[in-house]
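Q: sharing a sequence plus its predicted fold:
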Amino acid sequence: LDRSHHRDLRHVACAVYVRMARYYDTHRKTGIVASLFGEETAMPYTMFASAVFFAPERHEDCEYRLDPIHIYRCQNGFWECMRIHGSRQKSSKLGEMMRACDQRLRLALDPTHPLKEEKVPKYLAKIIDDEIVAWLSWDAAHQPVKIDIDLSQLGHIRSAAAQTREALLIDEEREDDVLAEVDTAGSEQPKAEPAADAFVELVAAPIRQDEADEPTISTEQFGVVAPLLAPTPAVVSTAPAGTATALDPAADAYLRALLEQNAAQTASAVERSGQSEDMLVDTINEALFDLVGDTVIEFDAAAPHIIEDYEADVRGYLDHE
């Protein structure tokens, strides 16, 4: 979804995270940072533990701030490190939140490539739906104005303007204009026509806005509490819907081996491809993106595998290949 709707997903995901942070502050004992990533605490720290050196004098008291949540302090010759101490693994709660944003936003933007719905807390589902409504409503109301200019009508516009000007002139002004034309005849260089083309280019130039300047719209600012908007048309892809680029024999064999969970055949297919397994997986994911609208193979701690939600799509693709 991020490939075809990066701007929408970015805004909704950020707005949901902000709303969830406020929810944790009011309904939980610990905030969202501590819940997802760990507590911020000070722990004793030995500077350059693997180095051999001798300090004849005690280090003066000091503080070094790497960033707002990572600080080193020395007090009375003893060092400590203040940072978030928690798991180094991925946050499953944050992953659940982001996947729910992906799944529910697809219903509004790209219903032809849905994700399997998983059970999430009702409050999280409501927050996501409200933020989707708020963002899509704001975005629809702030679409750039489209201006069409018929260049063939510029001559007519000039002629009409000249007639209007002539009708507004009084007799004395007409006489002055005639005298001025007689005095300058043969000596004055022809005046350049108004830069109509430049004017048209200026007016018709598309209005651009830097993504970084766009606000993240929340329901609390927009005041929208309504059912989820009707699905909007998905971005038109250059490939026919539901189709995928043909795979070469090695990639085809690798994909079939993954479905059968046959490690020996998987290794053989990688060897036949003449490239690394990472590159082969990237090639397959690119080829099948138009089929499911997402990555079909991902790596975990053990080995690459086909995402469960897309196994049926992959099998159907291989059966009809």
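A: Noted; the coordinates are in hand. Numbers count the residues shown, from 1 in each chain.
Q: secondary structure element for Arg73?
A: strand 70-75 (DSSP states H and E).
Q: could you give the angle of the helix or strand immediately after that strand in the chain to strand 70-75?
A: As assigned by DSSP H and E, the chain's next helix or strand after strand 70-75 is strand 78-85. With axes from the mean of the first three to the mean of the last three CA atoms, to 10 degrees as the basis, strand 78-85 and strand 70-75 are set at 160 degrees to each other.
Q: pairing partners for strand 78-85, with directions?
A: Strand pairing for strand 78-85, determined by DSSP bridges: strand 39-44 (antiparallel), strand 70-75 (antiparallel).
Q: need those strands in a markdown table (columns: distance to Glu277).
A: For the C-beta atoms, the positions are set from N, CA and C on the backbone; glycine is no exception. Shown next, in a markdown table, are the strands paired with strand 78-85 (distance: least, CB to CB, whole Å):
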| stretch | distance to Glu277 |
| --- | --- |
| strand 39-44 | 38 |
| strand 70-75 | 35 |
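Q: now these in a markdown table, with mean pLDDT, distance to Ile147 and mean neighbour count?
A: What follows is these, written out as a markdown table (pLDDT from 0 to 100; distance: least, CB to CB, whole Å; neighbours: other CB atoms under 10 Å):
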| stretch | mean pLDDT | distance to Ile147 | mean neighbour count |
| --- | --- | --- | --- |
| strand 39-44 | 89 | 53 | 12 |
| strand 70-75 | 94 | 51 | 15 |
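Q: nearest to Glu271, of those?
A: For Glu271, the closest of those is strand 70-75, at 44.4 Å, according to CB to CB.
Q: identify the residues contacting that closest one?
A: With contacts defined as CB atoms under 8 Å, 6 or more residues apart in numbering, strand 70-75 is touched by 42, 45, 47, 59-66, 79-83.
Q: name the nearest residue to Val123, sequence neighbours excluded.
A: For residue 123 the amino acid is Tyr, not Val. With sequence-adjacent residues excluded and distances taken as CB to CB, 6 or more residues apart in numbering, Tyr123 is closest to Tyr23, at 6.8 Å.
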